[in-house]
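Engineer: here you go, sequence then predicted model.
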Amino acid sequence: MNRIRQTAVAVAALVTAIAVTPALAQSDTLGVPGPVAFLGQDYNLSWTSQPSEAYVKQEYVPAGQSPQTFTEMILVEAVSGDMTPMQAAATQIKSLEARKPNDPVVNYQIIENEGAGEVMLDFVVSDLKADPIIVEWNAYRYMRLADGNGVALFAVSRRGYGEEGARALLGSLTQVRAQVIKELATYSVPAIRMAP
């Protein structure tokens with residue numbers, strides 16, 4: 001598989017799936033062992049996956065939560081190859097647009113920081129066929145990998161389960177969304193690197 005095809009496959013893997021795969025490993029391969037402190041909460045590395053040579057994903061949750069049933073999560077991802085943060089964000093937006101016919105909750109906003117060469121994507125998705133239903137809000141910050149060869153993602157995710165949890169999550173966004181996005185935009189992200 002050529003490098004461009006590997007990169008396209010890896011970028012497609014950045015798309016957030018509502019269903020979370022059970023934990024397979026818990027070792028840091030991106031230089032971010034955790035815990036990650038964000039807005040006064042510690043998040044511990046709970047899941048690591050490397051679906052391809054060019055793509056690594058790590059998930060961090062607070063004590064007492066799991067990747068399968070989290071309500072709060074930090075994601076750290078890396079895709080090596082010739083791409084920009086805007087190209088990675090555009091792939092996610094394409095996925096969100098494709099969801100719209102079957103997901104009435106989908107909504108997103110993109111913010112570009114041209115000076116830093118970074119892009120933020122703030123979006124909501126749902127799985128209304130799940131039992132219980134799931135609504136998920138995400139704030140993604142795309143930036144260059146520490147070595148410049150690819151894109152890193154540092155992201156915040158929140159979930160609500162069932163009708164009550166979904167309403168509570170969506171209702172809370174009016175108060176917490178701006179605060180989380182502001183913190184995420186200025187957060188001192190650790191140097192994210194693909195293992196050699």
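Structural biologist: Looks like it came in fine.
Engineer: contacts for the lengthiest helix in the chain next, please.
Structural biologist: Ranked by number of residues, the top helix in the chain under DSSP state H is helix 162-186. Contacting residues not belonging to helix 162-186 are listed as 38-39, 71, 111, 113, 120, 122, 124, 126, 132-135, 137, 139, 141, 154-156, 158-160 [Cβ atoms under 8 Å, 6 or more residues apart in numbering]. For the C-beta atoms, the positions are set from N, CA and C on the backbone; glycine is no exception.
Engineer: what about 7 Å?
Structural biologist: Applying Cβ atoms under 7 Å, 6 or more residues apart in numbering, the external contacts of helix 162-186 come out as 39, 120, 122, 132-133, 135, 137, 139, 141, 156, 158-160.
Engineer: again, but for stretch 122-140
Structural biologist: Applying Cβ under 7 Å, 6+ apart, the set of residues contacting stretch 122-140 is 16, 18, 92, 96, 99, 103, 105-109, 120-121, 153, 155-163, 166, 169-170, 173, 180-181, 184.
Engineer: if we can go back for a sec, out of the contacts of helix 162-186, which are buried?
Structural biologist: Using 16 or more other Cβ atoms under 10 Å as the burial test, the contacts of helix 162-186 include 120, 122, 133, 135, 137, 139, 141, 156, 158, 159, 160 as buried.
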